[in-house]
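Trainee: coordinates only, no sequence provided:
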């Protein structure tokens with residue numbers, strides 16, 4: 001799986017997890033969802049994604065976006 005897909009899988013998982021935890025535990029978990037969404041937005045404009053850098057260092061194969 002490429003870095004591009006891993007970033008999308010991780011972001012989607014964190015958004016779903018934050019939403020479920022907000023509904024079942026505490027509304028404060030919406031901050032997690034908001035943080036992930038804001039990070040996706042800034043990544044779209046700047047091209048910088050901290051997770052992509054970590055995955056690249058870990059040896060994940062590059063995709064189209066993060067080389």
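Mentor: Done, it's in. Just so you know, these numbers come straight off a predicted model, no measurement behind them.
Trainee: who touches the most centrally placed residue in the chain in this structure?
Mentor: Nearest to the geometric centre of the chain sits residue 11, at 3.0 Å (C-alpha atoms, centre = their mean). Counting by C-beta atoms under 8 Å, 6 or more residues apart in numbering, residue 11 touches 36, 39-40. For every residue, glycine as well, the C-beta is placed using N, CA and C.
Trainee: go on, residue 40?
Mentor: Contacts of residue 40 by C-beta under 8 Å, 6+ apart are residue 11.
Trainee: mind telling me what element it is part of?
Mentor: Using DSSP states H and E, residue 40 falls within helix 30-46.
Trainee: just give me how far that helix sits from the chain centre.
Mentor: Relative to the chain's own centre, helix 30-46 is displaced by 8 Å; criterion: C-alpha atoms, centre = their mean, to the nearest Å.
Trainee: in it, what counts as buried?
Mentor: Buried residues in helix 30-46, counted by 16 or more other C-beta atoms under 10 Å: 32-33, 36, 39, 43.
Trainee: same check, this time on stretch 45-53
Mentor: 49, 51-52.
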